[in-house]
Structures are given as C-alpha cells and as structure tokens.
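Novice: output the structure for:
(chains A and B)
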Amino acid sequence: MADKRMTEDEAVATLSDGMTIGIGGWGSRRKPMSLVRALLRTDLKDLTIVSYGGPDVGLLCAAGKVKRLVYGFVSLDSIALEPHFRAARQNGTIPEVVEYDEGMLQWGLYAASLRLPFLPTRAGLGSDVVKNDPSLRTVKSPYADGEELLAVPALNLDAAFVHLNRADERGNAQFLGPDLYFDDLFLNAAAVGRRFLSVEKIVPTEELLKNGSIHTMKINRSMVDGVIEAPNGAHFTNCQPDYERDEKFQKEYADAAKDPETWKAFVETYLSGSEADYQKAVAAR
Amino acid sequence: MSDATLGEICVVAVADTFRGDGEIFASGMGTIPMLGARLARATFEPDLLVSDGEAFFVANDLPVGGTDKQVEGWIPFRSVFDTLWGGRRHVVMGASQIDSFGNQNIANIGDWNKPKSQLLGVRGAPGNTVNHTTSYFIGNQTNRVFVEKVDTVSGIGYDRAAELGEWVKAHHELRRVVTNLAVYDFNTPDHRMRVASLHPGVSIDDVTAACSFELVIPSDIPTTRLPTDEELRVLREVLDPKSFRDRELPAA
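Specialist: Numbers count the residues shown, from 1 in each chain, chains lettered A, B, ... in the order given. I've put the predicted structure just below:
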C-alpha cells in the first residue's frame, strides 16, 4: 500500500525545464495555488502551461516561466481580466500562445486521457482560433455525412497539478464543492509519475464516504502519484465548501500588478518564502 | 405612461429573445442577460431552465445575488459543454466588438499576436455559435464596438457560417443583438444586421452614429416594446429588488 504523501517542493523537484504542465481548477476557483507557489520558488523555465486560466497563469507569466501557454480563457472571475496575463500578452513576453475554445481544451485533455491522437468537434470551426493556430487540422467524417470537423490534438501533459477537498494518503480523492471542473482529465492526460494532487486535508480512507456521497469520489489512486496536504492551499482562489475566494486578497493582488514597484513589494511580502511563510503573511493581514 | 428604465427595457428585450425556446437552457452572461433569462422563465416561457450562474439549475425565481435556491438540477461546466454541443441551449453573451454579419470578439483588441488590449480569450464563443442559438447584449454601443471588421472572431457570424458545412449552417442562429440604443436582428436576405426596433427616445441617427458599418434600415422601424406591468413587478419585486440592472445600465 503506497503512502504517496509528499510536499509541494518534492513534487516540483520531479519537473524539468521545458515540460508541459496542466493546472486544474477554473478561473479563480479551486486552483492548486500552493503547488503553483512551489513552482515559483524553483529555477524551472520554458514551461508549457495548459489551464482554464486564473491567477496560476498570471503568476507564472509574471515570473517569466511560461514559454508556451494553452488556454480557453484567463480570468479572475470577480475581476474579469487577469492583470499579469494581460501585461504578458500586451508586451509580447509569452513566446507561443495557443488560444482555444473552452470545449476544445476539454477535448484535447480528453483525447490525451484516452491515448487518442485527436478528437473531432465543430467547436472552433470558422473562428479565428484556427487562423491563430495554423497547426490545427480538420478531419473528414468517413461516414455518409462526409462532414469536415476540427481535429483537436491530444494535450499530452508531462505533469498535472490539481487541488481537491479531501484525499487519503494513497490518492483516493474527493471534491465537495459544486463542480469537479476538468481535474480528472488533467490527471488522466498527464504522465504517470508526475500527477500531483493537493488537498485541504488528508483523511483515513473510511472517512471519505462520511464527508459526501460516492459521486464526490471521482479521483481514484490509479490517477495520482503524489498527495500533498495543503490547508488553505487554493488561497486566494475558492475551495468550496471549505472556503470562499479571498476577494480582498485577490483585489490586493490585482492592484499590486498595476505597478512594478507595488508588485515587487507584493512578492517580497507574500512570495519570497515558503508556503508556511505565505500562509503566515496572509493570516497576518 | 410607463416609468420603465433603460435597464428594464433592455432586460425585457433580452427576455424576448428567448420567446418560443421551450425546454432548453437559457443562459445569460452578465447581469442584464441573466435577468432576461430569469424574467422570460418567470413570465411567458415557463419551461426554460435557468442556472444560478455557478453549477445548479434553479426552479425558483432567484433574485440577483440570491442564495435561497430551489435546486432542480446539476449543471457543472462539463454538463454545460454537453448541453451546448447537444444544442439544448440559447446563450446571450457580451461582445467587445461585433460586425454586420454578427462576428463577435471578446478575445482581444488589436493584432492577436501582440494585442493592444488583451481581454478574456475566445472562451466558449466559437463552440456556442456553431452549435446553438446565440444572442448578444451590448451595454455601450459605439462605433468602436459596432465595427467594420472585428479584431479576433470569437463567435462566428453568418458569413463565416456560410463557408462551413450544411450541419453548421442548419444550427447556427444569431437571433438578436440588444444594445443600450436598439434591438437588431439578421432577418435579411444576406443576413446582414438590421435595425429591428429603436428604444424609446432613440433616433435612427443616434444608432447609425454609433455604428461603423452599414446597417440595414427598414422603412418602418417600431419602438422597442415597454415592459408590461407584470414584468416590471416581477423584475422589481422578485428578481432584482436591489436594482443591479440600473447600476449596470444607468439611464442616459
């Protein structure tokens, strides 16, 4: 019985420059932020990031770690536009940008998780998504309809980060909020050995079903290589029902991004130490 | 004489876009589109499904920001995608730019490779528009929003749809565009945008001044209908007692 418990720093130590990392959650909702913060503490560079983007994308762009970004949107939800992502796009500092329809992103992850080279869809056809990514191809239905469909290529990941509410130490995990988002697909699209799950709390296996119905247990241990206990680990994004988004902190983050000096001070205050230092600084406000 | 505000006229105009839709997901992005969907369901289109904006279908007439939900179904994002690809949805989205064939942009302003202003990204607009009925609500119609050519086609217009296969042509429908000035549709032979009605007090000159392309202008243009007393009551007392509608769209 493998005990898969580890720390964020041990998880990111398995990564190397140029890898493709998928990050679960949605916008500013249930993001694996403690793993993202661990990534910020490394010297890793030239990463490809795949995300329904929120502050994960913003922080990694601000730190100059992103070589290629694959997204359907980037938003902080209650603040519509992500300031660091905007700045990076407007200054042209992300070398390669792949902007998909939200459903195309799901399809790419699903294709990877099923080990298929692509999955067909109509989403994206006719839009500038196909103009802006000239590598996209269409495929003709082999049946009588002969319809031409967009072939979304598999988004194979070298690593995945997701944050859920509860798990046991072997990686059986549970979401207790209203939406799993696409976290199971991120895990299934990633290489075995680098599928990392942080949770609010690690509990004995028998406790999982006491917390919620069987339908909350969509992640089983064959999908997970490392389990990280990270209380408040999604901060400042939400992690319902454990906590809501820290709107005040998110505003502080977004305001700080407007000016290099204030951003430097923000990094100094919150992002210059360990995860424990971060949580302490957040609590001390 | 009705005392309906601009916000209320727009909510009702959005609600009217759902008329006849039956038992599908009426999805509104933003306060006024969301209120439009809820008002339609509360009054003349009772079979519509409306969500709380998060992950649940709600059976009761939920006020904006309300939490007292009578849940009648679960609609996490994956189910939203399934529903929209299955065609059982009509969405009212926003648009940072729109052109005469209804191509919509919410992604960025300027060259996509190095935008002058990065916005949201295309979000679900490409998939929405090829799969089911789409309408738009624009709270600030200007000639920089109604443009000759949008910078990044997110939701596809009729000219783009016409270049795709028969299936897409059969399922692509841009029903209406509601703005702070007027209501538009695409009921013209070549599906160019047409003025369907002008809001009270708005002239055709106001509308053309706030548009960079040539609108189809019928000889006889009706005035956008005013909310009924019952619609105003439901809106003011039930769905939006704190009047978020007027904050989003203050009267000129």
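Novice: residue ranges of the strands in the chain, please?
Specialist: No chain specified, so I'll use chain A. Assigned by DSSP state E, chain A shows strands spanning A:20-23, A:47-53, A:66-74, A:96-99, A:118-121, A:137-140, A:148-153, A:159-167, A:173-174, A:195-202, A:226-229.
Novice: wait, I meant chain B there
Specialist: B:25-28, B:50-51, B:56-58, B:71-74, B:89-93, B:97-98, B:104-105, B:108-109, B:117-118, B:133-138, B:173-179, B:182-185, B:194-198.
Novice: nearest to chain A: which residue in the stretch 101-250 of chain B?
Specialist: B:Gly127 (3.1 Å; CB to the nearest CB). C-beta here means a position set from N, CA and C on the backbone, and glycine is covered the same way.
Novice: isn't that residue right next to B:Leu84, touching?
Specialist: Yes. Because the distance of 6.4 Å satisfies CB atoms under 8 Å, B:Gly127 is recorded as touching B:Leu84.
Novice: ok, these two, which is more surrounded?
Specialist: Neighbours of B:Gly127 and B:Leu84, each counted by other CB atoms under 10 Å in any protein chain shown, are more numerous for B:Gly127; the result is 29 against 24.
Novice: which bits of the stretch 1-150 of chain B sit near chain A?
Specialist: The stretch 1-150 of chain B comes close to chain A at residues B:54-56, B:74, B:76-78, B:81, B:84-85, B:107-108, B:112-127, B:129-131, as judged by CB under 8 Å from any CB of the partner chain.
Novice: if you set the cut-off to 6 Å instead, what comes out?
Specialist: Taking CB under 6 Å from any CB of the partner chain, the part of the stretch 1-150 of chain B that reaches chain A is made up of B:54-55, B:76, B:81, B:112, B:114-115, B:118, B:120-124, B:126-127, B:130.
Novice: in helices only, show me these.
Specialist: When the residues of the stretch 1-150 of chain B next to chain A are checked against helices using DSSP state H, the ones located there are B:Phe81, B:Pro126, B:Gly127, B:Val130.
Novice: quick one: which of those residues has the most company?
Specialist: The member of those surrounded by the most neighbours (other CB under 10 Å) is B:Pro126, with 32 neighbours in all.
Novice: any chance of the ones in helices among the residues of the stretch 1-150 of chain B next to chain A in JSON lines, plus pLDDT?
Specialist: Listed next are those as JSON lines, based on pLDDT from 0 to 100:
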{"residue": "B:Phe81", "pLDDT": "97"}
{"residue": "B:Pro126", "pLDDT": "98"}
{"residue": "B:Gly127", "pLDDT": "98"}
{"residue": "B:Val130", "pLDDT": "98"}
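Novice: pick the one among the residues you listed closest to A:Arg285.
Specialist: Using CB to CB, the shortest approach to A:Arg285 within those belongs to B:Phe81, at 37.7 Å.
Novice: pretty sure that closest one contacts A:Met104?
Specialist: No. The pair B:Phe81 / A:Met104 is not scored as a contact, 10.1 Å apart, by CB atoms under 6 Å.
Novice: got a list of what B:Trp85 touches?
Specialist: Taking CB atoms under 6 Å, 6 or more residues apart in numbering or on different chains, we find B:Trp85 in contact with B:Asn131.
Novice: narrow the residues of the stretch 1-150 of chain B next to chain A to those that are buried.
Specialist: With neighbours counted using 16 or more other CB atoms under 10 Å in any protein chain shown, those contain these buried positions: B:55, B:76, B:81, B:112, B:115, B:118, B:120-124, B:126-127, B:130.
Novice: thanks again, I'm all set now.
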